[in-house]
Each structure stands twice: as structure tokens, then as C-alpha cells.
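I'd like to go over a predicted model; first the sequence, then the structure.
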Amino acid sequence: MSAQLKAALGSVTVPSGIDKVVAFSCSTMIYAEKPEAVKASMAQHILALAIRDLLAARYGKAASEITCYAQDPIYTRIDEQVLVDDEGVVVLDDPAGFLQVDENCVFLAIASHIPVRQIVADIARPAILLWDKVEVSGLGEDGQVPSSSRSFVCVKGIR
């Protein structure tokens, strides 16, 4: 994944002022009824950390200079311990994650069951948006919150 991510970030203009990665709804890495859900959660957390590390390297900074935030009400104490103690992630309670979203952040929310895209579309224009497919109508896969006209306006013109 890192080589593909590095190539993707290298192929686009990335603003130099990014100082944080804000990840929503990445879920628990500890327990899920479906083992693939645990793998998906781990992949999303790894993605957020890899983006932080790649941006830090691109800017010639230490990874600790780009703060990585995560917000999910389902986090367990073990999730928080791993994220905070092992990776330096700042775990936030609702609504503190939304307060971190601004034009100097990478926003990550994949398969969220809450309307994070719609909320973010109303409050900020993050430097980089990473979220699941913007659906024309109806619920997304696994009951995800459907896209809204605000989500369409937010991504309008992005290629």
C-alpha cells in the first residue's frame, strides 16, 4: 500500500501547510463480529499513519510534527492504548474531531455510519479528502450514510 500511496501523493499537488490527519469512523481494531471488519479497521488506521509519515517526509519534517487525530465512539481502551502509546495518535471524543477539520488537514472517513461527509462539507475544505464513493442516491454499502447535495458540492471539480 505504501508504494501506491506514495505514487498517488506524488502525482498531485499537495499544499505545504498540512499539519494534521483527522480520521473518523475507523472502528475498533480489537473485536468485531466479522474478521474482515477488524482488517478494514486496521487498514484505515495504517492508511492514516502512512499518510502522516509520507507527508512528513515530503515536507522534511518529523512525523510527530503532523498530528494524527482519530474519533470513533466504538474505540476500546485497548484501541486507545495502541493508538496513543504506540503511534502517537490523539484520540478524540465527539465532537472534538470535527473541530480539528480545516483547510490544513487530511480528512479520512471510509464507510462511516454517521454523516461526517455532510458535516465536513458544511464546516471546512480540507486540503485532502479521503472518503468512500460519493453515491448519487440511496444508502451506500453496509448501511453507510448516503451522500448529500453538500457532499457533491464539496467534491465538485475534484478529479
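The structure has been received and is ready for your questions.

for the rest of this, base every contact and every neighbour count on C-alpha atoms.
Noted.

what packs against the longest helix anywhere in the chain?
The longest helix of the chain (DSSP state H) is helix 35-59. Counting contacts by 3 or more C-alpha pairs under 8 Å, 6 or more residues apart in numbering; DSSP states H and E, helix 35-59 is packed against helix 2-10, strand 20-24, strand 67-71.

now do K6, the pLDDT please.
Predicted confidence (pLDDT) for K6: 81.

actually G10, not the one I typed
For G10, the pLDDT comes out at 79.

what do you get for L99?
94.

name the SS class of it, please.
What DSSP: H, G, I helix; E, B strand; the rest coil gives for L99 is helix.

from A127, how far off is it?
As judged by C-alpha to C-alpha, to the nearest Å, L99 and A127 stand 15 Å apart.

picking that back up, so for the longest helix of the chain, what gets flagged as buried?
37-38, 40-42, 44-45, 47-56 (16 or more other C-alpha atoms under 10 Å).

same check, this time on stretch 113-126
Result for stretch 113-126 [16+ other C-alpha under 10 Å]: buried residues V116, R117, Q118, V120, A121, A124, R125, P126.

check the secondary structure at the most centrally placed residue in the chain for me.
Residue closest to the average C-alpha location in the chain (C-alpha atoms, centre = their mean): L108, at 1.7 Å. State at L108, reduced to three classes by three-state DSSP: strand.

wait, what's in contact with it?
Contacts of L108 were listed using C-alpha atoms under 8 Å, 6 or more residues apart in numbering, and they are V21, V22, A23, F24, A48, L129, L130, W131.

hmm, 10 Å instead?
Contacts of L108 were listed using C-alpha atoms under 10 Å, 6 or more residues apart in numbering, and they are 21-26, 44-45, 47-48, 70, 116-117, 126, 128-132.
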